[in-house]
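# The following comprises the amino acid sequence and a computationally predicted model.
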Amino acid sequence: MAVLLFAAVATPAPKSVTAQALVLTAGVGKTTFFEDEPIYLLVRLQNVGTDTAWTYFFSLLSPAVTMSLSRGDGKPADVAKPVVDHLVRPPWRGEPVPPGIKFLQTMVLQDIAGDEWDIRSHLLTHHLPPAQYELRLTFDAHGGVPGATPLTVEAAPIVFRIRERTIAEENELRELEAMRNMGWDTTRVEGTPRAANYKPVLIRWVERRWGDQPDDPFLPFLLYNGLYGAGQVLWRHIQAGEVQRFDPDTSEVVSGLRLAVLESQKLSIGGAYVLQAISLRHPDQMAVLAEKLGATPAGEMARAHVERLLYGQQFKQQSPH
């Protein structure tokens, strides 16, 4: 079931869009994954023209973005994409995409695609069994933009394969699933809810694993999704005041681990996924990270944040009050 969230927006009317050219690209970083390995999807919308383009809101959760995933036998895989929609008011005529500006976003594909299963027993929300897959993305750029000529941009298809796990991969996944299950555990140890140990155990596991294997594909997932999705039992203990709420975005330990994993995985989309986690609460760090990370997926995402921030400030200054 789609989840609709609404936001009200008003902007001035656009100028001519005759010289605009929107390009949509997407990637997953490699061609082969083991079963239940997090697949980090990166999408990028860029205006390569000379004039500002005006479009509907762009994000992986936008109703204007359509995603389809099919297996090698032609059978479609389920895509349960939540939808964040917007209420707009006149004189809104679209969202500006200036020349050269990029909009980047990343997410774990199994957050929305595959067979849904019991999250209490598994690390990822959905399951993609071993097979070859083809992923397609389109953006209805002018859908909902008053008076705009229809324009749909499409990314090149992404083809990848999921193989069966090795014994070592199987053992690691089972260890992580057992750890994740702690957030749903209703038992107590000496009066303390066992669920309260979930995040400390996760952090210690990440510290140890980063020291042994800094390119582990689970590390970005655990430092982002893993720290927020903690299980309903743990959440009930927090609400009851039995367990202190832990904010990963203000934790020096978590910040240090995110920066460490970001550096070790900066060449992968997993690194961009960590960068996105940092950007949500620490946009002031993006300029420094953009320079440090250079020509990497994470560096590109950091620069895109900085460029959009600068454009937004200029746009507000130019807009009539």
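Yep, that arrived.
# how far away is Leu223 from Ala168?
As for Leu223, its distance to Ala168 is 21 Å (criterion: Cβ to Cβ, to the nearest Å). Any C-beta I mention is one placed from the backbone N, CA and C, and that applies to glycine too.
# Of the two, give the one with the bigger neighbour count.
Neighbours per residue (other Cβ atoms under 10 Å) separate Leu223 from Ala168, with Leu223 holding more: 26 against 9.
# where does that one fall, phi/psi-wise?
phi -80, psi 0 (degrees, to the nearest 10).
# and it, what does it touch?
Contacts for Leu223 (Cβ atoms under 8 Å, 6 or more residues apart in numbering) come out as 206, 248, 254, 257-258, 261, 274, 277.
# separation between Met131 and Glu263?
No, residue 131 isn't Met; it's Ala. As for Ala131, its distance to Glu263 is 34 Å (criterion: Cβ to Cβ).
# Then Gly294?
12 Å.
# show me what contacts the nearest residue to Tyr228 once chain neighbours are set aside?
Nearest non-adjacent residue to Tyr228, counting by Cβ to Cβ, 6 or more residues apart in numbering: Pro248, 7.3 Å away. For Pro248, the contacting residues are 199, 223, 227-228, 254, by Cβ under 8 Å, 6+ apart.
# which residues sit against the host helix or strand of Arg136?
According to DSSP states H and E, Arg136 maps onto strand 131-140. Strand 131-140 is touched from outside by 22, 24, 26, 28, 41, 43, 45, 55-56, 58, 62, 64-73, 77, 109, 150-155, 157-162, with contacts defined as Cβ under 8 Å, 6+ apart.
# Can you go through the residues you listed and name the buried ones?
The neighbour-count test (16 or more other Cβ atoms under 10 Å) marks 22, 24, 26, 28, 41, 43, 45, 55-56, 58, 62, 64-65, 67, 69-70, 77, 109, 151, 153, 155, 158, 160, 162 as buried among the contacts of strand 131-140.
# Which parts of the stretch 201-321 of the chain are helices?
218-222, 225-228, 232-239, 252-264, 269-281, 286-293, 297-318 (DSSP state H, counting those that start in this stretch).
# Now stretch 32-52 - C-alpha only, CSV.
What follows is stretch 32-52, C-alpha atoms only, in CSV (Å, rounded to 0.1, in the frame of the first residue of the first chain):
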residue,chain,number,x,y,z
THR,A,32,26.7,-9.6,-9.1
PHE,A,33,25.5,-9.7,-5.5
PHE,A,34,25.0,-12.6,-3.1
GLU,A,35,21.5,-13.4,-1.9
ASP,A,36,20.3,-10.8,0.7
GLU,A,37,23.4,-8.6,0.2
PRO,A,38,22.1,-5.0,0.4
ILE,A,39,21.9,-3.6,-3.1
TYR,A,40,22.6,0.2,-3.0
LEU,A,41,20.7,2.0,-5.8
LEU,A,42,21.9,5.4,-6.8
VAL,A,43,19.8,7.7,-9.0
ARG,A,44,20.8,11.0,-10.5
LEU,A,45,18.8,13.7,-12.3
GLN,A,46,20.9,16.3,-14.1
ASN,A,47,20.1,19.3,-16.3
VAL,A,48,22.8,19.3,-19.0
GLY,A,49,21.1,22.2,-20.9
THR,A,50,21.7,26.0,-20.6
ASP,A,51,18.4,27.0,-19.1
THR,A,52,16.7,26.2,-15.8
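# list the buried ones in that stretch?
Buried, per 16+ other Cβ under 10 Å, within stretch 32-52: 33-47, 49, 51-52.
# what mean pLDDT does it have?
Throughout stretch 32-52, pLDDT has a mean value of 96.
# Next up, the contacts around Gly299.
By Cβ under 8 Å, 6+ apart, the residues touching Gly299 are 266, 289-290, 292-293.
# and stretch 161-173, how far apart are its ends?
Stretch 161-173 has its terminal residues 19 Å apart, counting by Cα to Cα, to the nearest Å.
# same thing with stretch 188-199?
16 Å.
# Begin at 830 from now on, thanks
Got it, first residue is 830 now, which makes that one stretch 1017-1028.
# in stretch 1109-1118, what's buried?
For stretch 1109-1118, the neighbour count (16+ other Cβ under 10 Å) marks 1114-1115, 1118 as buried.
# Repeat that for stretch 921-928.
921-927.
# Likewise for stretch 1027-1035?
Here stretch 1027-1035 shows 1027-1028, 1031-1032, 1034-1035 as buried, counting by 16+ other Cβ under 10 Å.
# what about the residue nearest to Ala909 when sequence neighbours are not counted, how many neighbours?
Excluding the flanking residues, the one nearest Ala909 by Cβ to Cβ, 6+ apart is Ile941, at 5.6 Å. By the criterion of other Cβ under 10 Å, Ile941 has 19 neighbours.
# Enumerate every residue touching Ile941.
896, 908-911, 954-955.
# Span of stretch 976-995 from start to end?
55 Å.
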